[in-house]
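J.: just the structure for this:
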Amino acid sequence: MLFKDRRHFLHQTFRRAVFMSAVILAVVAVVSFGDPKTTPVDYNLPTGTNGLVMVDKVGGFVRFFDSATLAELTDFAFDPSPDPGIKPHEIAISPDHKFAYVSVYGDGVYGNNPHPGHTIAVVDLKTKKMVGSIDVSPNVAPHGLQVDSRGTLYVTCDLSRKVLIIDPQKRHIESTIDVEGTGHWIALLPDASKLYVANKNDKPFISVVDVRQRKMIGKVPMPNGTQGIVASPDGSKVLAADNSEPYLAVISPKTDSVIDRIQITGGEHGIYKVFYSPNGALVLTLMNDGQVNILDGSDLHAPQRILKVGRNAMGFAFSADGKTAIVGNHSDGTASVIDLSTATIVRTFPAGKGVETLEFY
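T.: Residues are numbered from 1 along each chain as shown. Coordinates of the predicted model:
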């Protein structure tokens, strides 16, 4: 009996130890990575170590680089016929990092796009080749792109004043939403409940779209218009770049109203783009004169760090280790590596003729 009791005691002790170990591991996982049921992952702030893809708008190429050495590996050009001069602009990465979607905007820029495009290129990131396209006709001038956790694609068509919801696997438009303004960029909340459309200088508001109802439900006043726009990784706020003054509007998704204004140090004009780092620790802003401001993501009113990059810098890609960001210097045909801890440029390298957007994957 003593032997059996001792064996039973050891068995129960072992079971309790296994249970407690599982509980501890679960707690650590939630603390480290967040409960997936309560902390959405923002697939529009991608990073990775498989490669770096850049959209060379000026050259009309999609270019691929080694994520570690930053050496260019390969590229492909968009077929110039039957639409000569039509250029790619923006990019989004599928949640599984198998595909990239590239908007083929037209032969011009916002406000001067005489021959607008009507397709979104589908790029296989493994083979590094274009494998098809999504025709968004009769809508034209596709530009800003976002994705959700299921891989659904959200696209602005600024000349059509629409946001499209697309199934990229079926290459089918599921919904067409009127947003009243010439939406250029969009910010999708990580839980895909709402999206916010920046109407640049066309309308003095940000269009608010309820994704589940698939309709525009409100307007956030932006008297000077809006350029870049981004949702925080936790979905608690949306940052919108003022089109003519150096400040960020902080929008609450709960009330769809501006709850704070963040002055951008050293700025004299409007802000071009705004980005969160994937972990939300940093916010980076870009101005057309090449000024980059680095803000504390947890305290937007904290002192900012400032540096200068190349001419007309347009986009960032964040490294997987969180230590660096790559910025595309659109008017220089280069890209620069920023050390985020020191706010300095540590390297500049050739990158096509003029990169607008770029992402690690």
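J.: list the buried residues in stretch 353-361.
T.: Within stretch 353-361, the residues that count as buried by 16 or more other C-beta atoms under 10 Å are 354, 355, 356, 357, 358, 359, 360, 361. Glycine gets a C-beta too; all of them are placed from N, C-alpha and C.
J.: same check, this time on stretch 106-122
T.: 106, 107, 110, 113, 116, 117, 118, 119, 120, 121, 122.
J.: next one: that stretch to chain centre, how far?
T.: 20 Å (C-alpha atoms, centre = their mean, to the nearest Å).
J.: what's that stretch in contact with?
T.: Outside of stretch 106-122, the residues within contact range by C-beta atoms under 8 Å, 6 or more residues apart in numbering are 62, 78, 83-88, 99-105, 130-143, 145, 153, 155, 158-159, 166, 168, 171, 182, 184, 200.
J.: got the domain ranges for this protein?
T.: 1-39, 46-72+154-360 (automatic domain parsing).
J.: distance of residue 318 from residue 165?
T.: 27 Å (C-beta to C-beta, to the nearest Å).
J.: pick out whichever of those two has more residues nearby.
T.: A direct count of neighbours by other C-beta atoms under 10 Å for residue 318 and residue 165 places residue 318 higher, at 24 against 18.
J.: you'd agree the more buried one is up against residue 42?
T.: No - between residue 318 and residue 42 there is no contact under C-beta atoms under 8 Å: 12.0 Å.
J.: just give the closest residue to the residue nearest the centre of the chain, not the sequence neighbours.
T.: The centroid of the chain falls nearest to residue 44 when counting by C-alpha atoms, centre = their mean (4.1 Å). Once flanking residues are discounted, residue 44 sits nearest to residue 146: 5.1 Å by C-beta to C-beta, 6 or more residues apart in numbering.
J.: for the one you found, give the beta-bridge partners.
T.: residue 154 (DSSP bridges).
J.: okay, now it: neighbour count?
T.: The number of residues near residue 146, taken as other C-beta under 10 Å, comes to 24.
J.: ok now do it, which residues does it touch?
T.: 44, 92, 153, 154, 186, 187, 188, 195.
J.: okay, stretch 317-325 in PDB with CA atoms only?
T.: Coordinates of each C-alpha in stretch 317-325 appear next as PDB, following Å, rounded to 0.1, in the frame of the first residue of the first chain:
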ATOM      1  CA  ALA A 317      10.600  49.300 -45.100                       C
ATOM      2  CA  PHE A 318      11.400  48.100 -41.600                       C
ATOM      3  CA  SER A 319      13.900  45.300 -41.000                       C
ATOM      4  CA  ALA A 320      12.800  42.300 -39.100                       C
ATOM      5  CA  ASP A 321      15.100  42.900 -36.100                       C
ATOM      6  CA  GLY A 322      13.700  46.400 -35.700                       C
ATOM      7  CA  LYS A 323      17.100  48.100 -35.900                       C
ATOM      8  CA  THR A 324      16.900  49.700 -39.300                       C
ATOM      9  CA  ALA A 325      14.600  51.200 -41.800                       C
END
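J.: give the rounded mean pLDDT of it.
T.: For stretch 317-325, the per-residue pLDDT values average out at 97.
J.: would you mark the buried spots in it?
T.: In stretch 317-325, counting by 16+ other C-beta under 10 Å, buried: 317, 318, 319, 324, 325.
J.: mind checking how far the closest residue to residue 243 other than its chain neighbours is from residue 245?
T.: Excluding its sequence neighbours, the residue lying closest to residue 243 (C-beta to C-beta, 6+ apart) is residue 225, at 3.6 Å. As judged by C-beta to C-beta, residue 225 and residue 245 stand 10 Å apart.
J.: ok, these two, which is more surrounded?
T.: Neighbour count, other C-beta under 10 Å: between residue 225 and residue 245, residue 225 has more, with 21 against 16.
J.: the more buried one and residue 185, how far apart?
T.: From residue 225 to residue 185 the distance is 12 Å (C-beta to C-beta).
J.: same question, residue 176
T.: 18 Å.
J.: again, but for residue 162
T.: In terms of C-beta to C-beta, residue 162 sits 14 Å off from residue 185.
J.: check residue 196 too.
T.: In terms of C-beta to C-beta, residue 196 sits 9 Å off from residue 185.
J.: which neighbours do these two share?
T.: With C-beta under 8 Å, 6+ apart, residue 196 and residue 185 have common neighbours residue 229.
J.: about what we covered before: residue 239: which of the buried residues of stretch 353-361 is nearest?
T.: Checking the buried residues of stretch 353-361 against residue 239 with C-beta to C-beta, the nearest one is residue 357 at 17.9 Å.
J.: pretty sure that closest one contacts residue 55?
T.: Yes - in this structure, residue 357 is within contact of residue 55 by C-beta under 8 Å, at 4.8 Å.
J.: residues shared between the contacts of those two?
T.: 89, 90, 91.
J.: other SSEs contacting the helix or strand harbouring the last one?
T.: Using DSSP states H and E, the element containing residue 91 is strand 87-93. Counting contacts by 3 or more C-beta pairs under 8 Å, 6 or more residues apart in numbering; DSSP states H and E, the secondary-structure elements packed against strand 87-93 are strand 52-56, strand 99-106, strand 142-147, strand 355-360.
J.: helix or strand right after the longest one?
T.: Going down the chain from strand 99-106, the next helix or strand is strand 116-124, by DSSP H and E.
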